[in-house]
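Asks: Sequence plus the predicted model coming up.
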Amino acid sequence: MLHFNDSPKRATNLSLNAKVLDAARDLGMNLSATVDALLAEEVRKRYWARWNEDNKEAVAHYNARIAREGLPLARYRTFLKEP
């Protein structure tokens, strides 16, 4: 899992749409915090999309095995049994 909390900050330069930037400042938005949160969410999204693509064959094999053989500990489940 990706964790970005408690990481040091690093200065960077961004080029942003001037009207959007002015509106954000007029609204009193913390630009660094907003961009940081949005970028972290996008990184998580793309990381897991890549992980799913890279591992789709293994996931498909696992799902096929479960469909064929069932879950390994299914016989110990009591919450799905008919009364």
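Replies: All right, it came through fine.
Asks: Distance of the spatially most central residue of the chain relative to residue 38?
Replies: With distances taken as C-alpha atoms, centre = their mean, residue 44 lies nearest the centre of the chain, 3.6 Å away. According to C-beta to C-beta, to the nearest Å, residue 44 stands 11 Å off from residue 38. To be clear about C-beta, it is placed using only N, CA and C from the backbone, and glycine gets the same treatment.
Asks: from what I can see the residue nearest to the centre of the chain touches residue 2, true?
Replies: Yes - between residue 44 and residue 2 there is a contact under C-beta atoms under 8 Å: 5.5 Å.
Asks: Give me the neighbour count for the nearest residue to residue 32 once chain neighbours are set aside.
Replies: Computed as C-beta to C-beta, 6 or more residues apart in numbering, the closest residue to residue 32 that is not its neighbour in sequence is residue 9, at 7.6 Å. Neighbour count for residue 9, taken as other C-beta atoms under 10 Å: 7.
Asks: tell me the secondary structure for residue 9?
Replies: Assigned by DSSP: H, G, I helix; E, B strand; the rest coil, the conformation of residue 9 is coil.
Asks: Kindly report the same for residue 72.
Replies: Put simply, residue 72 is coil when judged by three-state DSSP.
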